[in-house]
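> Here is a sequence with its predicted model. Questions after.
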Amino acid sequence: MEILIAGGHGQIALRLERLLKQAGHRPRGLIRNPAHAGDLEAAGAEPVMCDLEHDDPRPHVGTADAIVYAAGAGPGSGAERKRTMDYGGAVKLIDAARELDVARWLMVSSMGAGDPDSGAEAMRPYLQAKHGADEALAASGLDWTIVRPGRLTNEPGTGFVEAAAQLGRRGEVPRDDVALVLLEALDAPNTVGVTFELLAGETPAREAVRSL
Ligand SMILES: NC(=O)c1ccc[n+]([C@@H]2O[C@H](COP(=O)([O-])OP(=O)(O)OC[C@H]3O[C@@H](n4cnc5c(N)ncnc54)[C@H](OP(=O)(O)O)[C@@H]3O)[C@@H](O)[C@H]2O)c1
């Protein structure tokens, strides 16, 4: 499959690109900084220049079979960029997918995005942006899946996770394992129309995804 990854130089994205390449897929990553192109190539992905806040993504979607939104304004950004990137960039790409008939769409959301008002004050603009993007995707008519990981770490992946609509606890999950779950979810039809939380756990990633 040809997979388009938004935020192609992100920490989860680069991990996912490596996994996709190893699995025989064709990853393409949207980036806004040409200096990042070499890192994508090293990961086995084709770099595609597109700033999701300022450009029209439609000419860059190519022949994608699926889109993964792993982009975000990042921790150093203010409320305005949460709105233009975490929300606005996602909506732009959802609209592009609908217009260009790319049915499969995976969102890297966040734990807490389901109920932004219950989050800490400082987190609210971020969670509201994620919430809005998730709502837009759920209403899109696409074959969507929304993944809501807990706090991301750069610990080595274990391949074992816990995933469910509501886990009833907070916690962490390595980016390696989020990338693995995204790979598994891409061609798991049972995850279409499903929103799930994700933490480190004791179930092999494939089994956790297939049991959703
Ligand atoms: N941190 C956590 O604990 C946590 C928990 C749950 C969910 N999440 C979410 O998980 C997702 C992935 O996390 P991560 O750590 O892999 O993210 P990351 O490393 O911060 O990657 C985000 C990517 O988005 C790109 N981006 C920003 N603005 C852009 C624009 N205008 N056009 C195109 N690309 C743009 C960045 O590119 P540049 O380098 O050019 O800025 C970066 O490569 C994020 O959405 C994050 O909010 C995070």
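Received it, and whenever you're ready, just let me know what you need.
> The closest residue in space to E53 that isn't next to it in sequence: how many residues sit nearby?
Of all residues not flanking E53 in the chain, T84 sits nearest, at 4.8 Å (C-beta to C-beta, 6 or more residues apart in numbering). Placement of C-beta: from N, CA and C, glycine included. A count of nearby residues for T84, using other C-beta atoms under 10 Å, gives 17.
> One more: Q166?
By other C-beta under 10 Å, 11 other residues sit near Q166.
> what's near enough to touch H25?
M1, E2, I3 (C-beta atoms under 8 Å, 6 or more residues apart in numbering).
> In three-state terms, label the residue nearest to E53 for me.
Recorded secondary structure, T84: helix (DSSP: H, G, I helix; E, B strand; the rest coil).
> sorry, back to before: helices - which of the contacts of H25 land there?
Mapping the contacts of H25 onto helices (DSSP state H) picks out no residues; all lie outside.
> of all these, which comes closest to A70?
A70 lies nearest to I3 out of those, by C-beta to C-beta, at 10.8 Å.
> Any buried residues in the longest helix seen in the chain, and which?
Longest helix in the chain, counting residues (DSSP H): helix 124-138. Residues 124-134, 136-137 are the ones in helix 124-138 that count as buried (16 or more other C-beta atoms under 10 Å).
> still on that earlier bit, out of the contacts of H25, which sit inside strands?
Among these, the members falling in strands (DSSP state E) are E2, I3.
> nearest to A64, of the contacts of H25?
When the contacts of H25 are compared for distance to A64 (C-beta to C-beta), E2 wins out at 5.2 Å.
> which stretches of this protein form strands?
Here the chain has its strands, by DSSP E, at 2-6, 26-31, 46-49, 66-69, 104-108, 143-149, 151-153, 160-164, 172-174, 194-200, 203-204.
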